[in-house]
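Novice: please find the sequence and the predicted model below.
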Amino acid sequence: MLTSQRKQRILEQLLKEGQVLSKDLSVRFEVSEDTVRRDLRELAAEGRLQRVHGGALPSSSATATFSERKSLKTDAKRKVAQKGAELISSGQVVIIDGGTTTSELIACLPDDLRITVVTHSPSIALGLIEHPSIEVILIGGRLFKHSVVTVGAATIEGIGKIQADIFFMGVTGVHAEAGLTTGDYEEACIKRAFSGRAAETVVLVSPEKINAASPFVIGDLGLIDTIVVDSGADENWVRSIEEKGVTVMKA
């Protein structure tokens, strides 16, 4: 079998099963594990998968730039955001992470909703300027331009002074085994800190994030309470998430 054919088979198995193991691939293709690891390394360099210990997981396309992500699965993001907005009640303190799906979320908030929004995203804060009944607290820090959010020690310090009802966390991948992941180390730290200051953590998951992984781990699924997905989400994936004790809501 040619290398290109073997790589294509690896990607096909990854799409079908949600993960591949180096040892199993070595047996299946009758090649050494070193050869398999080289294949996985090259596919990872092309952005086709995410290498993990012992094998690989599907790579998330949600690690693209903010402007590129705006055009990904927009209809599904809108549906998921509308469902997520139903979880918010007047009088709450709501933490809203940066991201394109949470940008859709704030567009769904009714004009008579009276809440306080805490965010480290200038984009989210600006998006709420015209809302008549929402108070906005913008947490400062160093601007991470890729995701248009603040990060760093000042951000962590600000987060430590909040007690919130609900946190809408942005992620780039949700996988039953790999957990919640994102594309930047500092962002992962910020998301964990926010989750620790909220009574409930919700993740709005558009299709490109399902069963996918990125390089930096936010935490396992025990970190969150609820996932909101499009109604067309794969049932096997949904069951695998529910088995971890997470409530899955379909939009």
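Specialist: Arrived safely, thanks for sending.
Novice: and Q92, how far is that from Q82?
Specialist: In this structure, Q92 lies at 18 Å from Q82, with C-beta to C-beta, to the nearest Å as the measure. The way it works is simple: take the backbone N, C-alpha and C, and place the C-beta from them, glycine included.
Novice: cool, and D97?
Specialist: According to C-beta to C-beta, D97 and Q82 sit 17 Å apart.
Novice: more neighbours, the two?
Specialist: Between D97 and Q82, counted using other C-beta atoms under 10 Å, D97 has the larger neighbour count: 27 against 16.
Novice: okay, now the domains of the chain?
Specialist: 3-58, 66-250 (the TED database).
Novice: now the ones you listed as a markdown table including mean pLDDT?
Specialist: As requested, the domains of the chain are exported to a markdown table (pLDDT from 0 to 100):
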| stretch | mean pLDDT |
| --- | --- |
| domain 3-58 | 89 |
| domain 66-250 | 93 |
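Novice: list the contacts of the residue most central in space within the chain.
Specialist: Nearest to the geometric centre of the chain sits V171, at 1.6 Å (C-alpha atoms, centre = their mean). The contact partners of V171, by C-beta atoms under 8 Å, 6 or more residues apart in numbering, come to A62, L180, T181, T182, K191, V203, V205, K209, I218.
Novice: among those, which are located in strands?
Specialist: Within these, residues falling in strands by DSSP state E are L180, T181, T182, V203, V205, I218.
Novice: for the first one, name its beta-bridge partners.
Specialist: With beta bridges defined as DSSP bridges, L180 has these partners: V174, G219.
Novice: buried set for stretch 134-143?
Specialist: Within stretch 134-143, the residues scored as buried using 16 or more other C-beta atoms under 10 Å are I134, V136, L138, I139, G141.
Novice: how much space separates the third one from V93?
Specialist: Which is L138. Distance of L138 to V93, given as C-beta to C-beta: 14 Å.
Novice: quick one: secondary structure of K16?
Specialist: Of the three states, K16 takes helix under DSSP: H, G, I helix; E, B strand; the rest coil.
Novice: and it, how many residues sit next to it?
Specialist: What K16 shows, counting by other C-beta under 10 Å, is a neighbour count of 8.
Novice: show residues contacting stretch 227-240.
Specialist: Residues from elsewhere that reach stretch 227-240 (C-beta under 8 Å, 6+ apart): 18, 76, 79-80, 83-84, 87, 174, 176, 202-207, 210-211, 241, 246-251.
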